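In: I'd like to go over a predicted model; first the sequence, then the structure.
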Amino acid sequence: MSITISLKSQNIERDVVIPVEWKDITVKYWGELSTIIKKHYQDAANLSDQEKNHEINADITQDVKLNHAQILKMNADIFSYITGLTKEEVGLIDVNKVSEVIGCINTLTEEYKPQGMNSFDLDGETYYFPSEFFKKETYGDYIESTQLEMYIADMNNGRYDILPEQMAILCRRIDEEYDDDIIAEKADKFRELTMDVIWEFSFFLIQQSVKLVKLSPTYLEKQQQVQEV
């Protein structure tokens, strides 16, 4: 669901569609919006005594507090991105309209509640999360599974923009075999996925990471037993 808000800039009226749910937002859209937000928090961190405690890719939005002026500047940039208006045009918009748009976007700061998704549809095809893949214990599968730690680290640093490529590697149609030559093409297509699917996949990875921690000692023990035979 999304809402439409009418804006008037320089005597020209236009309607702007504002996303209010994760399913309204593509990963590309959210990645660009997140970059704007992170830049303002990073700028604030660089002005504080805590700047040495923050890395450029870390999620500093939890640690840094913006003052009133910094919040207004960030909201203006967010409003400009969402509406497509220039910064000069934003300065002419009624402040209540700006607050209304920003308020809609703020609903997306609420914690996402996973629905237990294990597949998704795109362009008339169904792709599955690699549930069965992670149940296997071949050496190749095990090595691929250990990449989860890297994926989780990327997500913790707000790098949801790289998830389409990871999904292109791990998510496949029911009859699809892994093919390195088509990963780039799949990743481009998966960038059009909406953020509800991206969130579901990220929760899936976290769950698999927990399972992997339990699996690792068992797997390594089996490998050692095989070598000793």
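Out: In hand now; what should we look at? Residues are numbered from 1 along each chain as shown.

In: show me where the protein has helices.
Out: Here the chain has its helices, by DSSP state H, at 27-46, 68-83, 87-90, 95-106, 139-145, 148-156, 163-170, 183-190, 195-228.

In: weakest of the ones you listed in terms of mean pLDDT?
Out: For the helices of the chain, mean pLDDT drops lowest on helix 139-145, to a mean of 48.

In: show me how this protein divides into domains.
Out: 2-109, 119-228 (automatic domain parsing).

In: who's in contact with the closest residue in space to Lys65 that isn't next to it in sequence?
Out: Nearest residue to Lys65, sequence neighbours excluded (C-beta to C-beta, 6 or more residues apart in numbering): Ala44, at 7.7 Å. (C-beta placed from N, C-alpha, C; glycine too.) Contact analysis of Ala44 by C-beta atoms under 8 Å, 6 or more residues apart in numbering lists Val64, Lys65, Leu66, Asn67, Gln70.

In: which one of these sits in the busiest neighbourhood?
Out: Val64 (20 neighbours; other C-beta atoms under 10 Å).

In: thought that one was touching Tyr41?
Out: Yes. Val64 is within contact range of Tyr41, at 4.9 Å (criterion: C-beta atoms under 8 Å).

In: report the two of the contacts of Ala44 separated the most.
Out: Greatest spatial distance in those: Val64 and Asn67, 10.5 Å, computed using C-beta to C-beta.

In: so how far is Ile3 from Ile18?
Out: According to C-beta to C-beta, to the nearest Å, Ile18 stands 5 Å off from Ile3.

In: what's the answer for Gln42, then?
Out: Here Gln42 is placed at a distance of 30 Å from Ile3 (C-beta to C-beta).

In: again with Lys87
Out: Applying C-beta to C-beta to Lys87 and Ile3 gives a distance of 24 Å.

In: can you check Tyr29 too?
Out: 16 Å.

In: name the residue in the two with the higher neighbour count.
Out: Between Tyr29 and Ile3, Tyr29 has the larger neighbour count (other C-beta under 10 Å), namely 17 against 13.

In: what number of residues lie near the nearest residue to that one once chain neighbours are set aside?
Out: Using C-beta to C-beta, 6+ apart and skipping residues adjacent in sequence, the residue nearest Tyr29 is Pro19, 7.6 Å away. Pro19 sits with 22 neighbouring residues when counted by other C-beta under 10 Å.
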